[in-house]
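Student: need the 3D shape of this:
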Amino acid sequence: MMNDLPADDGFRTAFLFDLDGTLVDSVYQHVLAWKTALEAEQIPLSVWRIHRRIGMSGGLFMDQLLREVKRDLGPDAVERLQAAHAAAYHDLGASVRPLPGAREIIAALDELGVRWAIATSGRLETASINLATLGVDPKSAIVVTRDQVRYAKPDPDLFVEAARRLQIPIQQTIVVGYSVWDMLAATRCRALGVGFLSGGYGSEELERAGALRVYDDPADLLFHLDEICSRHR
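Tutor: Model (predicted):
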């Protein structure tokens with residue numbers, strides 16, 4: 001699925017933000033929630049192995065984790081795992097906070113007249129916690145969740161759909177995320193990838209996956225915004 005909008009002669013650009021680990025400090029809450037859910041099904045898995053897959057499609061995430069432990073679960077068990085993860089994440093939701101500069105960069109883009117959207121592999125039931133923490137109302141902002149596309153990262157569907165709703169060609173967007181899955185998705189839809197270190201991946205990993213620039217977090221991107229967004233209108 002590709003964005004088929006015509007190129008804009010004025011070269012407007014837009015930012016497409018991932019949510020977990022990019023705008024909100026929630027990666028490790030997701031890791032612990034998955035750990036809780038997996039243990040309830042007697043599936044032993046090290047925390048670091050879970051962390052390496054946060055941010056990808058839930059189905060792909062589940063396939064890879066179960067491959068690690070050489071298990072094959074039926075649909076009922078998979079549904080229990082997903083429900084247990086959501087419940088455990090809700091229990092941890094009070095500890096989720098916006099990352100430094102997250103609210104400020106959104107405000108700055110609004111001030112500059114630069115459009116933005118949020119595209120997350122999370123389903124609305126968990127993404128809603130993060131959006132509330134960030135102060136973003138999905139009824140007034142453009143937010144694309146896993147529930148709304150056929151495939152999630154590393155497929156580019158989330159970002160393509162966000163660009164479509166912004167009415168800006170995907171090739172004119174800047175995808176901002178913390179994981180290699182974000183950067184791979186950006187590369188696949190020919191968007192510019194910008195990586196953050198705030199979710200636990202290193203600079204070299206993000207650059208190998210396609211990131212043109214890597215910053216610490218939203219505050220660091222805001223400080224260097226003119227490096228990638230010199231023309232605003």
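Student: which parts of the helix or strand of the chain with the lowest mean pLDDT are buried?
Tutor: Every helix and strand of the chain was ranked by mean pLDDT, DSSP states H and E. The lowest is helix 58-68, at a mean of 74. Of the residues in helix 58-68, 58, 60-62, 65-66 count as buried by neighbour count, 16 or more other Cβ atoms under 10 Å. Bear in mind the C-beta positions are built from the backbone N, C-alpha and C, glycine included.
Student: and it, what other elements does it pack with?
Tutor: helix 47-51, helix 75-92 (3 or more Cβ pairs under 8 Å, 6 or more residues apart in numbering; DSSP states H and E).
Student: out of the ones you listed, which gets nearest to Val194?
Tutor: Of all the helices and strands packed on helix 58-68, it is helix 47-51 that lies closest to Val194, at 21.2 Å by Cβ to Cβ.
Student: report all helices and strands that that closest one contacts.
Tutor: helix 27-40, helix 58-68.
Student: that helix: which residues count as buried?
Tutor: Those would be 50-51, for helix 47-51 by 16+ other Cβ under 10 Å.
Student: so what's the nearest residue to His224 once chain neighbours are set aside up against?
Tutor: Nearest non-adjacent residue to His224, counting by Cβ to Cβ, 6 or more residues apart in numbering: Tyr215, 6.4 Å away. Contacts for Tyr215 (Cβ atoms under 8 Å, 6 or more residues apart in numbering) come out as 194-197, 221, 224.
Student: inside helices: which ones of those?
Tutor: Judged by DSSP state H, the contacts of Tyr215 include Leu221 as members of helices.
Student: got JSON lines for the contacts of Tyr215, with pLDDT too?
Tutor: Below are those laid out as JSON lines (pLDDT from 0 to 100):
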{"residue": "Val194", "pLDDT": "97"}
{"residue": "Gly195", "pLDDT": "97"}
{"residue": "Phe196", "pLDDT": "97"}
{"residue": "Leu197", "pLDDT": "96"}
{"residue": "Leu221", "pLDDT": "97"}
{"residue": "His224", "pLDDT": "94"}
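Student: one step back: mind putting the helices and strands packed on helix 58-68 into TSV with distance to Glu161 and mean pLDDT?
Tutor: Shown next, in TSV, are those (distance: least, Cβ to Cβ, whole Å; pLDDT from 0 to 100):
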stretch	distance to Glu161	mean pLDDT
helix 47-51	27	87
helix 75-92	22	87
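Student: just the buried residues of helix 58-68 now: which is nearest Arg190?
Tutor: Nearest to Arg190 among those, counting by Cβ to Cβ, is Leu60 at 21.6 Å.
Student: quick one: that closest one from Asp220, how far?
Tutor: Applying Cβ to Cβ, to the nearest Å, the value for Leu60 to Asp220 is 29 Å.
Student: tell me which helix or strand the closest residue to Gln148 other than its chain neighbours sits in.
Tutor: Using Cβ to Cβ, 6+ apart and skipping the chain neighbours, the partner closest in space to Gln148 is Glu161 (6.7 Å). Assignment of secondary structure by DSSP states H and E places Glu161 within helix 157-166.
Student: for that helix, packing partners?
Tutor: Partner elements for helix 157-166 (3+ Cβ pairs under 8 Å, 6+ apart): strand 14-17, strand 115-119, strand 143-144, strand 173-177, helix 180-188.
Student: how about these in TSV, adding distance to Pro44 and mean neighbour count?
Tutor: Shown next, in TSV, are these (distance: least, Cβ to Cβ, whole Å; neighbours: other Cβ atoms under 10 Å):
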stretch	distance to Pro44	mean neighbour count
strand 14-17	34	27
strand 115-119	33	24
strand 143-144	34	24
strand 173-177	29	28
helix 180-188	24	25
